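Q: Using only what follows, build the 3D model:
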Amino acid sequence: MNAAVAETDHHDHGPAPGLMRWVTTTNHKDIGTLYLWFALIMFFIGGAMALVIRSELFQPGLQIVDPQFFNSMTTMHALVMIFGVVMPAFVGLANWMLPMMVGAPDMALPRMNNWSFWILPFGFGMMLATLFMPGGAPASGWTLYPPLSLQGGMAFPFLIFSIHLLGISSIMGAINIVATIQNLRAPGMTFMKMPLFVWTWFITAYLLVAVMPVLAGAVTMLLTDKFFGTAFFTAGGGGDPVMYQHIFWFFGHPEVYILILPSFGVVSEIIPTFARKRLFGYSSMVYATASIAFLSFIVWAHHMFTVGMPLSGALFFMFATMLIAIPTGVKVFNWVATMWRGAMTFETPMLFAIGFVVMFSIGGFSGVMLALAPVDFQYHDTYFVVAHFHYVLVPGSIFAIMAAVYYWLPKWTGNMYDEKWGKIHFWVSTIFVNLLFFPMHFVGLAGMPRRIPDYAVQFADFNAIATIGAFGFGFAQLIFVYVVFKCLRGGEKATDQVWEGAHGLEWTLSSPPPYHTFTDQPIIK
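A: Have a look, this model is predicted:
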């Protein structure tokens with residue numbers, strides 16, 4: 001009898017032994033860790049796909065892979081990087097940090113938290129399996145435009161189902177974040193006292209809940225067009241392929257901000273800590289984030305200037321798109337103003353944060369160029385567009401994720417990472433990422449089309465440079481893995497302060513001082 005009671009008690013309260021602990025865990029830190037490891041593995045898978053693409057483009061002509069496989073790689077690389085790397089990594093950071101930042105004991109819905117993670121490996125298993133099916137993965141790019149996407153073989157329904165699974169995972173994660181922030185804040189933690197990372201994720205979660213069902217609807221309509229005789233997007237049956245683009249980009253443009261808004265939150269935590277100043281203009285940062293999220297819903301057709309929309313439509317989407325530069329400019333100004341005359345030090349997280357601000361701004365400038373409807377006729381579907389969104393998403397989202405890992409790793413592990421190797425990782429990554437993407441501006445302006453495995457000989461030199469940059473950047477990430485593993489195994493113990501001279505600044509600097517739960521007095525007087 002006592003043994004039975006003990007056994008029941010073990011299952012109810014104690015952590016399950018070994019592997020089952022990770023399968024059944026409802027602890028927000030464990031689930032955050034699972035998300036981060038998953039994102040790292042997918043980062044190398046997606047990166048390997050990018051290296052296949054760049055290897056083929058090293059010189060003109062078809063030399064390594066056939067065009068069908070090349071275009072399957074462009075499709076899969078994007079899907080893996082967006083849904084398998086950036087989004088899970090940010091959800092992992094949210095799982096780890098949000099409950100601690102708002103004073104919650106855990107996420108609001110712990111079992112759903114576990115489920116939302118464990119859907120991911122199965123969804124991506126199914127997605128990657130399409131590469132080995134007859135006909136291969138769809139070769140239509142991640143946007144899956146019909147009629148091209150409808151040409152795929154039997155892999156197509158598997159890809160659609162995997163996208164549904166990833167969408168379900170994202171929606172559950174977002175609901176959990178909203179529920180946690182709405183309901184589990186500590187006493188005194190009002191909305192306008194929340195750290196910026198919490199705010200950016202709060203807004204991002206609403207975006208996710210709003211737009212993931214739109215993607216699900218669009219890809220389901222593709223599925224019924226292919227297998228059930230409907231003609232939503234088939235011109236021969238009275239449908240319109242351009243309608244798909246409208247539905248897809250109504251999801252796709254807010255999705256871009258889902259990938260970048262948490263980066264703003266991370267950088268808004270790191271820069272005040274290492275400038276040893278409060279974040280300049282806290283409330284304006286919150287309002288700017290909300291403005292960007294709102295505007296992201298009304299600019300979708302700037303991806304479609306070349307489909308032949310009415311002049312009034314092109315003008316509306318052009319001006320609405322340019323409007324986004326204002327709240328984004330407010331953010332960059334506030335980060336620079338925070339650093340201005342601060343007592344700055346340049347530890348690895350700060351280097352990645354400053355790298356983010358500089359290179360994200362380059363992506364922002366090319367974005368304003370792409371917003372101009374008459375000019376976009378020249379840029380559309382060229383490598384200039386590839387350069388633009390990679391500057392936003394690689395030195396943007398990926399650098400912000402790395403900054404966050406370096407910044408919070410001592411808190412997570414109790415050990416300091418190797419600062420020297422962290423800085424080497426930053427500088428090698430920064431040099432190669434610019435070598436990789438900057439030449440794409442030039443070949444794009446000269447008219448080199450994207451998603452094509454062969455190209456005219458005049459683009460050869462810049463493509464060779466970009467490929468060298470790709471391999472350099474890819475292999476530089478092995479330094480990151482080395483630093484993380486070395487930190488996990490041990491090293492210098494992290495102090496209570498973690499970052500010298502910045503006692504508790506991770507929690508208090510990005511917002512007005514929160515009230516201590518017990519004494520109801522400000523921490524900083």
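
Q: The spatially most central residue of the chain: what's it in contact with?
A: For the chain, residue 86 is the residue whose C-alpha lies nearest the centre (CA atoms, centre = their mean; 3.1 Å). Neighbour list for residue 86: 39, 259, 393, 397, 398, 401 [criterion: CB atoms under 8 Å, 6 or more residues apart in numbering]. In this view, the C-beta of every residue, glycine as well, is placed from N, C-alpha and C.

Q: SS state for residue 35?
A: Following DSSP: H, G, I helix; E, B strand; the rest coil, residue 35 is assigned to helix.

Q: That one and residue 443: what is the separation?
A: Counting by CB to CB, to the nearest Å, the separation of residue 35 from residue 443 is 36 Å.

Q: Just confirm residue 365 is within a helix.
A: Yes: remark: residue 365 belongs to a helix, assigned using three-state DSSP.

Q: so how far is residue 167 from it?
A: Taking CB to CB, one finds residue 365 at 32 Å from residue 167.

Q: ok, the two, which is more surrounded?
A: residue 167 (22 against 11; other CB atoms under 10 Å).

Q: Am I right that the more buried one is in contact with residue 218?
A: No: between residue 167 and residue 218 there is no contact, the gap being 10.8 Å when judged by CB atoms under 8 Å.

Q: how about low-confidence regions in the stretch 351-500 of the chain?
A: Confidence mapping of the stretch 351-500 of the chain against pLDDT under 70 gives the ranges 500.

Q: the longest helix in this protein is where?
A: Ranked by residue count under DSSP state H, the longest helix found in the chain is helix 241-275.

Q: Show me what the helix or strand following it is packed up against.
A: Next in sequence after helix 241-275, counting helices and strands by DSSP states H and E, comes helix 282-295. Judged by 3 or more CB pairs under 8 Å, 6 or more residues apart in numbering; DSSP states H and E, the packing partners of helix 282-295 are helix 196-227, helix 241-275, helix 325-339.

Q: looking at the ones you listed, which is buried most?
A: Stretch with highest mean neighbour count among the helices and strands packed on helix 282-295: helix 241-275 (a mean of 24; mean count of other CB atoms under 10 Å).

Q: How about the helix or strand where residue 166 lies, which residues are buried there?
A: In the assignment (DSSP H and E), residue 166 maps to helix 155-183. Neighbour counts over helix 155-183 (16 or more other CB atoms under 10 Å) mark 155-156, 158-160, 162-178, 180-181 as buried.

Q: same question, stretch 67-74
A: Neighbour-count burial for stretch 67-74 flags 69, 70, 71, 72, 73, 74 (criterion: 16+ other CB under 10 Å).

Q: just stretch 45-62 next, same as before
A: 45, 46, 47, 49, 50, 51, 52, 53, 54, 56, 57, 58.

Q: helix, strand or coil for the last one?
A: Here residue 58 takes the coil state, with states given by three-state DSSP.

Q: Now do it, the pLDDT please.
A: Reported pLDDT at residue 58 in the predicted model: 97.

Q: Now it, what are its backbone angles?
A: phi -60, psi -40 (degrees, to the nearest 10).

Q: can you check residue 299 too?
A: According to degrees, to the nearest 10, residue 299 has phi -130, psi 10.

Q: which residues touch it?
A: 253, 317, 320, 321, 324 are the contacts of residue 299 under CB under 8 Å, 6+ apart.

Q: among those, which two are most distant?
A: Maximum pairwise distance among the contacts of residue 299 (CB to CB): 11.3 Å, between 317 and 324.

Q: mind listing the helices for the stretch 1-150 of the chain?
A: 2-13, 19-24, 28-56, 67-79, 87-102, 110-129 (DSSP state H, counting those that start in this stretch).

Q: hey, which of these is tucked in deepest?
A: Stretch with highest mean neighbour count among those: helix 87-102 (a mean of 25; mean count of other CB under 10 Å).

Q: low pLDDT regions in the stretch 51-200 of the chain?
A: Of all residues in the stretch 51-200 of the chain, none has pLDDT under 70.

Q: Distance check, residue 232 against residue 226.
A: 11 Å.

Q: One more: residue 491?
A: Distance from residue 491 to residue 226, by CB to CB: 54 Å.

Q: Then residue 98?
A: 40 Å.

Q: which ones are touching the closest residue in space to residue 52 that isn't next to it in sequence?
A: Distances taken as CB to CB, 6 or more residues apart in numbering place residue 73 nearest to residue 52, at 5.0 Å, with adjacent residues excluded. The contact partners of residue 73, taken as CB under 8 Å, 6+ apart, are 49, 52, 53, 65.

Q: roughly how far apart are residue 73 and residue 89?
A: On the measure of CB to CB, residue 73 and residue 89 end up 22 Å apart.

Q: on that earlier part again, of the buried residues of stretch 67-74, closest to residue 30?
A: Ranked by distance to residue 30 (CB to CB), the buried residues of stretch 67-74 are led by residue 73 at 33.6 Å.

Q: can you map out the helices along the stretch 401-525 of the chain?
A: 419-445, 460-489, 505-508.

Q: I'd like to know which of these is closest to residue 237.
A: Here helix 419-445 is closest among the helices of the stretch 401-525 of the chain (CB to CB), at 35.8 Å.

Q: What is the closest one packed up against?
A: helix 348-371, helix 373-379, helix 383-392, helix 399-413, helix 460-489.

Q: and with 6 Å instead?
A: helix 348-371, helix 383-392, helix 460-489 (3 or more CB pairs under 6 Å, 6 or more residues apart in numbering; DSSP states H and E).

Q: Mind putting the ones you listed into a markdown table with distance to residue 147?
A: Formatted as a markdown table, the helices and strands packed on helix 419-445 follow (distance: least, CB to CB, whole Å):
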| stretch | distance to residue 147 |
| --- | --- |
| helix 348-371 | 26 |
| helix 383-392 | 22 |
| helix 460-489 | 29 |
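
Q: now, of the ones you listed, which is deepest in the fold?
A: Sort those by mean neighbour count, taking mean count of other CB under 10 Å, and helix 383-392 sits at the top with a mean of 23.

Q: can I get the CA coordinates of that one in PDB?
A: Provided in PDB are the C-alpha atoms of helix 383-392 (Å, rounded to 0.1, in the frame of the first residue of the first chain):
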ATOM      1  CA  TYR A 383      18.300  39.700 -55.700                       C
ATOM      2  CA  PHE A 384      17.800  43.200 -54.400                       C
ATOM      3  CA  VAL A 385      14.700  41.900 -52.600                       C
ATOM      4  CA  VAL A 386      16.700  38.900 -51.300                       C
ATOM      5  CA  ALA A 387      19.400  41.300 -49.900                       C
ATOM      6  CA  HIS A 388      16.700  43.400 -48.300                       C
ATOM      7  CA  PHE A 389      14.900  40.700 -46.300                       C
ATOM      8  CA  HIS A 390      18.000  38.900 -45.400                       C
ATOM      9  CA  TYR A 391      19.500  42.000 -43.900                       C
ATOM     10  CA  VAL A 392      16.400  42.400 -41.800                       C
END
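
Q: Nothing else from me, thank you.
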